[in-house]
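Participant: Quick one, fold the following:
(one chain, ligands or ions: 1)
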Amino acid sequence: MRTHLGSASLLLAGILVAAPGSALARAKITVVNANAPGIGFNDPTPATPLATNPGTTVGQQRLNAFQFVADFWGKHLDSDVEIFVQATFEPLACNATAAVLGSAGALTVFRDFPNARYPGTWYPGALANKLAGEDLDPAVGPGTGNDLRARFNANLGQPTCLAGSGWYYGLDTNQAANQINLVVVLLHEFAHGLGFASFASGTTGALFAGFPDVYSRFYFDNSTGKSRIDMTDAERKASAVNSRNVVWTGEEVTEEVREVLQPGTPFLTVNAPASIAGRYFVGTATFGPALTAAGVSGPVELARDAGGSTLGCTPLGAGALAGKIALVDRGTCTFNVKARNAQDAGAIALVVADNVPSALPAGLGGVDPLVTIPAVRITQAAGAAIKAALPGVDASLLLDMKVRAGADPAGRALLYTPNPFESGSSVSHWDTSATPNQLMEPAINADLTISVGEPRDLTKSLLEDIGWDDEEKKHERKKKRQQDREHRRGD
Ligand SMILES: [Zn+2]
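Facilitator: Numbers count the residues shown, from 1 in each chain. Presented below is the predicted three-dimensional model:
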């Protein structure tokens, strides 16, 4: 699994959030330095010691960050079997504007071992060892017996590799705006290696060596009503691009969604006619007011200028759209120009129909502080459906507070299944609509903290669902439920 850094993913300085959890390590994670002398972890280039990382060479600071993350995950996991992570810094794919920061995965997988929770199911090595209570793949010589493999980009910040950026090796989130926080990226990549990944092919849907993996057991397609383990290869392939219709069904994640993800998902809701009534996904705008829970409602009108154009690029006539939600087509001029023209004609909101097919509408970029009406984009298909039903379409543009950002209406976390398929990102991450941003989204965002669990993050809960049980947490929850029941009886 790889972490891609999008051009919009520049990191900003943040605050360190202290990690909950016991002070004593519950699993021992050992970093195995696989770099040759003089490079990567052994890079002798002098480095200025940081407040949280006293290393005096680049290599030592890298090792310190790795060990910090190994210890951090060790505090959050429970295993009697030591976990070995074979790690290197080496050149990875990158160009001037984008880079693979790192990649990590399980080195070994096992099925049908003692105490496996599900038969005929692949488990990543570290988890299989934990459940079996013994090392299923012990070292038999140098370089063997490792459970995870992690690679990180040694060239980051060079002119041909995301120029102007660079790793931040501090053990906090005080990185400069142009730096990428190694500890955060490491937390992400370790999670993939611990089991936050499917082993089946995303592009063909074929299972790994004929058997499903434990991750896929909790992957559920809302459109077909099938778990990923019950699908044919063709169905798995189709489901991997079924945008925002795939969820995680594990109990621990679903329990924490209510605590971690914020309420409020933006929608265009068509209230009438019944033939096209329902919720449509929208991309929101970087200008104008944000959608609200109360929202705006009114009749939809396809806005036309004097020449009959539906692009909304020229004045639409004062008062011509009074009280209406203006629908225009994407193209020719910027989105904020369309919004100003609709606003000047009296519209209460702007809806831009895309001019190319897409599974999900992208957002609307642009800047105009004078725009006072909300604006969104809908897909070309949604635009066509609405146009075909005009006149007589009544709609609302609002933030549905019953649907959490990054969850489906039933409260289950959405997995990342964009169309087209994104190699290294699809299936094995959370959807990018999650708010606040999650550690296991496909790109590293500026506001991430050093956290893998509630109340900020869902990563640890997913690992619990696949078998990394947290007995302490289960006990606390049981106790709380008991208290709640007693409280209700007492009323
Ligand atoms: Zn990833």
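
Participant: which residues sit in contact with the residue in the stretch 251-400 of the chain positioned nearest to the ion?
Facilitator: Taking C-beta to the ion as the measure, the point where the stretch 251-400 of the chain comes nearest the ion is V253, at 16.6 Å. The way it works is simple: take the backbone N, C-alpha and C, and place the C-beta from them, glycine included. Contact partners of V253, counting by C-beta atoms under 8 Å, 6 or more residues apart in numbering, are 218, 412-413, 458, 461-462, 465.

Participant: Do me a favour and get the backbone dihedrals for it.
Facilitator: Dihedral angles of V253 (phi, psi; degrees, to the nearest 10) stand at phi -60, psi -50.

Participant: same deal with the one 10 residues further on?
Facilitator: Backbone dihedrals for P263, given as degrees, to the nearest 10, come out at phi -70, psi 150.

Participant: just to revisit the earlier point, among the contacts of V253, name the ones in helices.
Facilitator: In this view, those that belong to helices under DSSP state H are 461-462, 465.

Participant: Just name the closest of those to the ion, please.
Facilitator: Nearest to the ion among the ones in helices among the contacts of V253, counting by C-beta to the ion, is L462 at 12.5 Å.

Participant: Nearest spatial neighbour of the closest one, chain-adjacent residues omitted?
Facilitator: Leaving aside its sequence neighbours, L462 sits nearest to V253 (C-beta to C-beta, 6 or more residues apart in numbering; 5.3 Å).

Participant: By neighbour count, which of the contacts of V253 wins?
Facilitator: L458 (28 neighbours; other C-beta atoms under 10 Å).

Participant: Go ahead and confirm that one touches E259.
Facilitator: No - when contacts are counted by C-beta atoms under 8 Å, L458 is not listed as touching E259 (9.5 Å).

Participant: Around the nearest residue to A206 once chain neighbours are set aside, count how many other residues there are.
Facilitator: Excluding the flanking residues, the one nearest A206 by C-beta to C-beta, 6+ apart is D233, at 5.2 Å. Residues lying near D233 (other C-beta under 10 Å) number 13.

Participant: quick one, helices of the protein?
Facilitator: With DSSP H as the definition, the chain shows helices at residue ranges 58-76, 125-132, 182-194, 233-239, 251-260, 335-344, 380-389, 459-466, 471-490.

Participant: Return the alpha-carbon coordinates of the shortest one using CSV.
Facilitator: The one in question is helix 233-239. In CSV, the C-alpha atoms belonging to helix 233-239 read as follows (Å, rounded to 0.1, in the frame of the first residue of the first chain):
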residue,chain,number,x,y,z
ASP,A,233,-13.9,-11.9,-9.1
ALA,A,234,-16.0,-9.8,-11.5
GLU,A,235,-18.1,-8.5,-8.6
ARG,A,236,-15.0,-7.7,-6.5
LYS,A,237,-13.6,-5.7,-9.4
ALA,A,238,-16.8,-3.8,-9.9
SER,A,239,-17.2,-3.1,-6.2
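
Participant: pLDDT averaged over that helix, what's the number?
Facilitator: The average of the pLDDT scores along helix 233-239 is 97.

Participant: Check stretch 269-289 too.
Facilitator: Model confidence over stretch 269-289, given as mean pLDDT, is 94.

Participant: swap in stretch 298-316?
Facilitator: Taken as a whole, stretch 298-316 carries a mean pLDDT of 95.

Participant: Show me how the record splits the chain into domains.
Facilitator: Under automatic domain parsing, the residue ranges defining each domain of the chain are 2-220+457-476, 263-401.

Participant: returning to what we had before: looking at the helices of the chain, which is closest to N271?
Facilitator: Taking C-beta to C-beta as the measure, the helices of the chain were each checked against N271, and helix 380-389 came out nearest at 11.8 Å.

Participant: Give the bridge partners for the nearest residue to P124 once chain neighbours are set aside, please.
Facilitator: Excluding the flanking residues, the one nearest P124 by C-beta to C-beta, 6+ apart is A106, at 3.5 Å. Here A106 shows beta-bridge partners L148, assigned using DSSP bridges.

Participant: Contacts only, for A106.
Facilitator: Contact partners of A106, counting by C-beta under 8 Å, 6+ apart, are 124-126, 147-149, 193-195, 197, 199.

Participant: any idea which of those residues has the most stuff around it?
Facilitator: Neighbour counts for the contacts of A106 were taken using other C-beta under 10 Å; the highest belongs to L194, with 32 neighbours.

Participant: wait, doesn't that one sit right on E464?
Facilitator: No - the pair formed by L194 and E464 falls short of the contact definition of C-beta under 8 Å, at 11.0 Å.

Participant: hmm, back to that, I'd like the helices of the chain as JSON lines, with distance to R279 appended.
Facilitator: Formatted as JSON lines, the helices of the chain follow (distance: least, C-beta to C-beta, whole Å):
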{"stretch": "helix 58-76", "distance to R279": "37"}
{"stretch": "helix 125-132", "distance to R279": "37"}
{"stretch": "helix 182-194", "distance to R279": "31"}
{"stretch": "helix 233-239", "distance to R279": "21"}
{"stretch": "helix 251-260", "distance to R279": "19"}
{"stretch": "helix 335-344", "distance to R279": "22"}
{"stretch": "helix 380-389", "distance to R279": "10"}
{"stretch": "helix 459-466", "distance to R279": "26"}
{"stretch": "helix 471-490", "distance to R279": "32"}
